[in-house]
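K.L.:
my questions concern the predicted model and sequence given below.
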Amino acid sequence: MPRNQQILLDNRPQGEAVAGNFRLVSTDTPALQDGEVLVRHHYLSLDPYMRGRMNDSKSYAACQPLGEVMIGGTVGEVAESRHPAYAVGDAVVGMGGWQEYSVVQGNTAGALRKVDTRHVPLSHYLGAVGMPGVTAWYGLVKIIAPRAGETVVVSAASGAVGSAFAALAKARGCRVVGIAGGPEKCRYAVEELGFDACLDYREHADPKALGQALKVACPAGIDGYFENVGGWIMDAVMARMNAFGRIALCGMIAGYDGKPLPMANPALILISRLKIEGFIVSEHLEVWPEALAELGRLVATGQLHPRETIAQGLAAAPEAFLGLLKGQNLGKQLVRLV
């Protein structure tokens, strides 16, 4: 059995996360038992939710235990199998964590899923045709539920969730406006992802300025909003929401360092009769097959052009993760492990 490099959560952040919160170790991979599968990971997914798991505080999921392998989605191939449903060489996606190999119990529901790489690249199953894509699908289809001609807005527009959201919303006949950090990301959103407009929150750097930019970009107001960031950006969008607008709340990265995120004008919820619904996509596994089928078609037909930012080698994961939290990636942030 191969030696396995792993990254553990060594200590909890005090405010902003740092590379010293993690520790790289090497260990022996245990021999397989009946029903188990050894997976060699090709790519590791880095996602904003991981920052919240590093805190020892109340959240929608258990915190990441100290001294254990960091949680994370992975794609790779079966290297050895003692389970009849999996053969050596099968391409699979799972939650193998920040390590080069994982031993998976093949009978555990949802632990491992075989994927087809003939029309969708393996790495895309961690992004556009994976958890981020399904997140975008659920928030748009099940919460915002837009009608053709409506205007929808998404923050973190150039990321894995935002890019999938744009393709899904355009396919439903919506006007799609993004919010992203920097001119390069905004150009990418409009020129490659098909956004009708994208606003640079660094240029429009306060609620009033961003609100004025939203007024120009969304002349008919905003019917649906997909929230990834929170804070003052959410305040600016809420002020432009139409009556009976819908907000799908799946992330508040502005508050992941543990600081409270006050809302400037909560009366807008009443004034505009807004529907605001938070959701965790792993709690809605029943929609994954439908969502993944549509996302796969969008990628295969060229209607969704996801970009990836790729760091090389497991040791690069902590710095790549910290860069993700600061918005340094373009598209889906991955770590290549082979």
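P.N.:
On my side now, so go ahead. Numbers count the residues shown, from 1 in each chain.
K.L.:
phi first, then psi, for the residue nearest the centre of the chain.
P.N.:
Centroid-nearest residue in the chain, with CA atoms, centre = their mean: Pro132, separated by 3.9 Å. Main-chain dihedrals, Pro132, degrees, to the nearest 10: phi -60, psi -40.
K.L.:
okay, and the helix or strand of this protein with the least pLDDT?
P.N.:
Least confident element among the helices and strands of the chain, by mean pLDDT, DSSP states H and E: helix 49-53 (a mean of 91).
K.L.:
the following helix or strand past that helix: partners in the sheet, and parallel or antiparallel?
P.N.:
Next in sequence after helix 49-53, counting helices and strands by DSSP states H and E, comes strand 74-81. Using DSSP bridges, the strands paired with strand 74-81 are strand 36-45 (antiparallel), strand 91-94 (antiparallel).
K.L.:
pick the most buried one from the ones you listed.
P.N.:
Across the strands paired with strand 74-81, averaging neighbours per residue (mean count of other CB atoms under 10 Å) puts strand 36-45 on top, at a mean of 24. The C-beta positions use only the backbone N, C-alpha and C, and glycine is treated the same way.
K.L.:
if we can go back for a sec, could you pull up phi and psi at the nearest residue to the residue nearest to the centre of the chain once chain neighbours are set aside?
P.N.:
Nearest non-adjacent residue to Pro132, counting by CB to CB, 6 or more residues apart in numbering: Ala160, 3.7 Å away. The phi/psi pair for Ala160 (degrees, to the nearest 10) reads phi -60, psi -40.
K.L.:
and Ala160, how far from Arg240?
P.N.:
According to CB to CB, to the nearest Å, Ala160 and Arg240 sit 25 Å apart.
K.L.:
more crowded one of those two?
P.N.:
Ala160 (31 against 22; other CB atoms under 10 Å).
K.L.:
what's the spacing between that one and Pro266?
P.N.:
30 Å.
K.L.:
likewise Val69?
P.N.:
Per CB to CB, Val69 is found 40 Å from Pro266.
K.L.:
the more surrounded of the two?
P.N.:
Shown here are Val69 and Pro266; by other CB under 10 Å, Val69 has more neighbours (19 against 11).
K.L.:
give me the nearest residue to that one, chain neighbours excluded.
P.N.:
Gly97 (4.2 Å).
K.L.:
double-check that the one you found belongs to a strand.
P.N.:
No: with DSSP: H, G, I helix; E, B strand; the rest coil as the criterion, Gly97 is located in coil rather than a strand.
K.L.:
check contacts around it.
P.N.:
For Gly97, the contact set (CB atoms under 8 Å, 6 or more residues apart in numbering) comprises Gln6, Val69, Met70, Ile71, Gly72, Thr74.
K.L.:
so the fifth one makes contact with Tyr49?
P.N.:
No: counting by CB atoms under 8 Å, Tyr49 is not a contact partner of Gly72; they are 9.9 Å apart.
K.L.:
got any residues that touch both of these two?
P.N.:
Counting by CB under 8 Å, 6+ apart, Gly72 and Tyr49 have no contacts in common.
K.L.:
quick one: the strands in the stretch 151-300 of the chain?
P.N.:
151-155, 175-180, 197-200, 222-227, 241-249, 275-278 (DSSP state E, counting those that start in this stretch).
K.L.:
just checking, what packs against the longest one?
P.N.:
The criterion is 3 or more CB pairs under 8 Å, 6 or more residues apart in numbering; DSSP states H and E, and the helices and strands that strand 241-249 contacts are strand 222-227, strand 275-278.
K.L.:
ok, Gly331 touching Gly127?
P.N.:
Yes: under the criterion of CB under 8 Å, Gly331 makes contact with Gly127 at 7.4 Å.
K.L.:
okay, these two: which has more neighbours?
P.N.:
Shown here are Gly331 and Gly127; by other CB under 10 Å, Gly127 has more neighbours (30 against 22).
K.L.:
okay, now the closest residue in space to Gly224 that isn't next to it in sequence: neighbour count?
P.N.:
Ranked by CB to CB, 6+ apart and with sequence neighbours excluded, the top spatial neighbour of Gly224 is Ile144, at 3.5 Å. Close neighbours of Ile144, defined as other CB under 10 Å, add up to 25.
K.L.:
also the one 10 residues further on?
P.N.:
By the other CB under 10 Å criterion, the neighbourhood of Val154 contains 34 residues.
K.L.:
then Met238?
P.N.:
26.
K.L.:
how about it, what does it touch?
P.N.:
Tyr225, Ile247, Met263, Asn265, Leu268, Ile269, Ser272, Leu274 are the contacts of Met238 under CB under 8 Å, 6+ apart.
K.L.:
any idea how far Val237 is from the fourth one?
P.N.:
Look at Asn265 and Val237: by CB to CB, they are 12 Å apart.
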